[in-house]
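Novice: quick one, structure for this:
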Amino acid sequence: MEEKMMEEKLINVLTNLQCELVAERSLVNPKEITWTQYDILTALQIQSSLPSKLSASLGLSRSKLSKNLVNLRKMMYIKQYPDKIDHRELITSLTPKGEDLLNNIDAGHNYLAKIAQKVFSEEEQQQFIALSQKLVTTLRKERIKNE
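Specialist: As a prediction, this is how the structure comes out:
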């Protein structure tokens, strides 16, 4: 019985957290780009990449990724250029306009971090970071495996 209650509490808190994070994401993510496009830009903010690597890391099919890259290129958020080793592959990176867009979105993320810092003690922040990263890593692996 106690295990069932724990499972229900976990489901409820994960559902509520997901709803709140989606609501916050909607506030900071402009309507001109989709969430998939936002995920692509965020991945490129970390490192320029080949489409094949982006596809794998984001768990997107090559065709879905390609369609989104075309749209992001039209909006001038990304640029693509031939790889120096394999000219058939295109390196994809952010343009200054793409970097500006993500900097504006990051301001909203900083707001979330400030709230978390107010709510959690330093120890709780460390626990939250560790537990969240563990869950994110597992969820990402599962999504990619099931793609």
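Novice: tell me which element the residue most central in space within the chain is part of?
Specialist: The chain has Asp39 as the residue nearest its centroid, 4.2 Å off, counting by CA atoms, centre = their mean. Applying DSSP states H and E as the criterion places Asp39 in helix 35-46.
Novice: buried residues in that helix?
Specialist: Across helix 35-46, burial judged by 16 or more other CB atoms under 10 Å covers 36-41, 43-45. (Glycine included, C-beta is placed from N, CA and C.)
Novice: what's around Ser49, how many residues?
Specialist: 19 (other CB atoms under 10 Å).
Novice: any idea how far it lies from Leu41?
Specialist: Per CB to CB, to the nearest Å, Ser49 is found 11 Å from Leu41.
Novice: what's the angle from the helix or strand where Lys114 lies to helix 35-46?
Specialist: Element membership for Lys114 (DSSP H and E) is helix 96-119. Helix 96-119 and helix 35-46 are oriented at 90 degrees to each other (axes from the mean of the first three to the mean of the last three CA atoms, to 10 degrees).
Novice: tell me which strands and helices the helix or strand just after the helix holding Asp39 is in contact with?
Specialist: The first helix or strand that comes after helix 35-46 along the chain, using DSSP H and E, is helix 51-58. Applying 3 or more CB pairs under 8 Å, 6 or more residues apart in numbering; DSSP states H and E, we find helix 51-58 packed against helix 35-46, helix 62-74, strand 90-94.
Novice: out of these, nearest to Gln127?
Specialist: helix 35-46 (24.5 Å; CB to CB).
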